[in-house]
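Participant: coords please:
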Amino acid sequence: MPAYAVGHLHDVTIGPGIVAYLQRIDATLEPFGGRFLLHGEPVEVLEGSWSGDLVVIEFPDKESARAWYASPAYRHILPLRSENASSVVFLTNGVPADHKATDVLAGLPADQPLG
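Facilitator: Numbering: from 1, shown residues only. Next comes the predicted model:
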């Protein structure tokens, strides 16, 4: 099942560090089957408020995503981003193509709230 590395970046300082990070990140993704799905495109806010940039990178599975994040190649360039932007970064699994909203209810007691 696909997994995703998701980053919410804000207060990004565009300068030599971020430029170097952007020039090098693609090479770190390739060995782990990673590819960008979203990369800082403007969002259209329909509810609530939003600031910053959203980045979503797809991997074949969570093990590949973890291996990429822990890889020496990525760890080497990580400070170029973390020293030039505030961010929250996390990994999450995707869902099967036939997923329905009610699938999250399977196995939960009827009185247990979600979340």
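
Participant: can you give me the helices in the chain?
Facilitator: 16-29, 62-70, 72-82 (DSSP state H).

Participant: contacts for the shortest one, please.
Facilitator: Right, the one you point to is helix 62-70. By CB atoms under 8 Å, 6 or more residues apart in numbering, the residues outside helix 62-70 that reach it are 3-5, 28-29, 31-34, 57, 59, 74, 91, 93. Any C-beta I mention is one placed from the backbone N, CA and C, and that applies to glycine too.

Participant: list the buried residues for it?
Facilitator: 62, 64, 65, 67, 68, 69 (16 or more other CB atoms under 10 Å).

Participant: nearest to residue 43 among those?
Facilitator: Nearest to residue 43 out of these is residue 65 (CB to CB; 22.5 Å).

Participant: hey, what's the nearest residue to the closest one once chain neighbours are set aside bridged with?
Facilitator: In this structure, residue 65 finds its nearest non-sequential neighbour in residue 59, 4.1 Å apart by CB to CB, 6 or more residues apart in numbering. Note on residue 59: beta-bridge partners residue 3, judged by DSSP bridges.

Participant: and residue 59, how many residues sit next to it?
Facilitator: 23 (other CB atoms under 10 Å).

Participant: that one reaches residue 28, doesn't it?
Facilitator: No - Residue 59 is beyond contact range of residue 28, at 11.9 Å (criterion: CB atoms under 8 Å).

Participant: which residues are in contact with both of these two?
Facilitator: Joint contacts of residue 59 and residue 28 (CB under 8 Å, 6+ apart) are 34, 68.

Participant: quick revisit: in a markdown table: the helices of the chain, plus distance to residue 45 and mean pLDDT.
Facilitator: Listed next are the helices of the chain as a markdown table, based on distance: least, CB to CB, whole Å; pLDDT from 0 to 100:
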| stretch | distance to residue 45 | mean pLDDT |
| --- | --- | --- |
| helix 16-29 | 24 | 97 |
| helix 62-70 | 27 | 98 |
| helix 72-82 | 24 | 97 |
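
Participant: most tightly packed of the ones you listed?
Facilitator: Across the helices of the chain, the average number of neighbours (mean count of other CB atoms under 10 Å) peaks for helix 62-70, which reaches a mean of 17.
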